[in-house]
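Student: Need the 3D shape of this:
(one chain, ligands or ions: 2)
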Amino acid sequence: MFVTVETAAPAAVIVAIDGPSGTGKSSTSKAVAAKLALSYLDTGAQYRAITWWMLSNGVDIQDPTAIATAAGKPAIVSGTDPAAPTITVDGQDAAGPIRTKEVTSAVSAVSAVPEVRSLITDLQRTIAGSAERGIVVEGRDIGTTVLPDADLKIFLTASPEARAARRSGELKGKEASDLAATREALIKRDAADSSRKTSPLAKADDAVEVDTTELTLEQVIECVVTLIEAKIAEKAGPAATAEAGQVAP
Ligand SMILES: Nc1ncnc2c1ncn2[C@@H]1O[C@H](COP(=O)(O)OP(=O)(O)OP(=O)(O)O)[C@@H](O)[C@H]1O
Ligand SMILES: Nc1ccn([C@H]2C[C@H](O)[C@@H](COP(=O)(O)O)O2)c(=O)n1
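Tutor: Numbers count the residues shown, from 1 in each chain. Ligands and ions are numbered 1, 2, ... in the order given. Sure thing, here's the model as predicted:
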């Protein structure tokens, strides 16, 4: 005899992916979210967006008090479709301007200000909480601070040499040839992000660490998809593996 049971909509799965610069967080998160039909949030883009606004509005980024006072002024909106993630500041598309060298050099100082972190963290939690099927959120403090109850936490690492080579591949001309300068710049940004007082870059105790140094991007994506699928199956429980919508007595 079989008893028919109601099949509820699957619970949303929340995935946190953290790690230093150039370890593959964005590329991996976007790809796995697209494969599994989950939402995607690039939290680094949000810190870049607020930094761009500070620079554009003449806020002295060496002055934490000035940054804290201005922090609530810009309206930052993130689009979470992994196929076409967006970021706007006061309604203006910021996807291009937030990737400039100027913003990259200033973002660690701005993101270290507690008032900035508090506002952006609230925004991130709201976005994650409203993702119907679930979300992949990537950053530096997602597993430790923003979403400490995430279903799955992943911490990506890679050697500074591998990360510099990857970044160099994205640059053109003179910048691309200066591998040593790229390596130094990312080490400096990691050091600033890891040593700030408020929610520094750190691996959560319960995060799965994946060293991507010797892995292709496709291998990292496959590894993370496998981890998420296992978590989704675990959350669904044994009923999910029983015959579609039926449970044996
Ligand atoms: N495993 C990999 N092997 C080779 N290249 C990779 C790998 N993972 C990512 N890349 C490439 O490295 C570059 C950096 O990747 P990505 O932007 O995803 O890193 P990130 O961790 O999000 O960096 P950041 O924190 O600075 O934004 C991209 O050009 C990406 O295509
Ligand atoms: N959760 C996060 C995400 C990012 N930041 C800061 C520190 C990074 O250097 C910067 C830019 O991030 P990227 O676009 O390179 O991923 O934003 C942070 O403090 N916390």
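
Student: residues of the helix ranked longest in the chain that come out buried?
Tutor: Longest helix in the chain by number of residues, with DSSP state H as the criterion: helix 217-236. Under the neighbour-count criterion of 16 or more other C-beta atoms under 10 Å, helix 217-236 has 220-221, 223-224, 227-228, 231-232 buried. No exception for glycine: its C-beta is placed from N, CA and C like everyone else's.

Student: What parts of the chain come near ligand 1?
Tutor: 19, 21-27, 44, 166, 169-170, 212, 215-217, 220 (C-beta under 6 Å from any ligand atom).

Student: The same query, at a cut-off of 8 Å, please.
Tutor: 19-30, 42, 44, 138, 140, 156, 158, 162-163, 166-167, 169-170, 186, 189, 212, 215-217, 219-220 (C-beta under 8 Å from any ligand atom).

Student: sorry, back to before: can I have the longest helix of the chain written out in CSV, keeping just the CAs?
Tutor: In CSV, the C-alpha atoms belonging to helix 217-236 read as follows (Å, rounded to 0.1, in the frame of the first residue of the first chain):
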residue,chain,number,x,y,z
LEU,A,217,37.3,27.0,-13.5
GLU,A,218,35.1,24.1,-14.9
GLN,A,219,36.5,21.7,-12.2
VAL,A,220,35.8,24.3,-9.4
ILE,A,221,32.2,24.8,-10.8
GLU,A,222,31.6,21.0,-10.9
CYS,A,223,32.9,20.6,-7.3
VAL,A,224,30.7,23.4,-5.9
VAL,A,225,27.6,22.1,-7.9
THR,A,226,28.1,18.7,-6.3
LEU,A,227,28.4,20.2,-2.8
ILE,A,228,25.2,22.2,-3.3
GLU,A,229,23.2,19.3,-4.8
ALA,A,230,24.2,17.2,-1.8
LYS,A,231,23.0,19.9,0.5
ILE,A,232,19.7,20.3,-1.4
ALA,A,233,19.1,16.5,-1.2
GLU,A,234,19.9,16.6,2.6
LYS,A,235,17.5,19.4,3.2
ALA,A,236,14.7,17.6,1.3
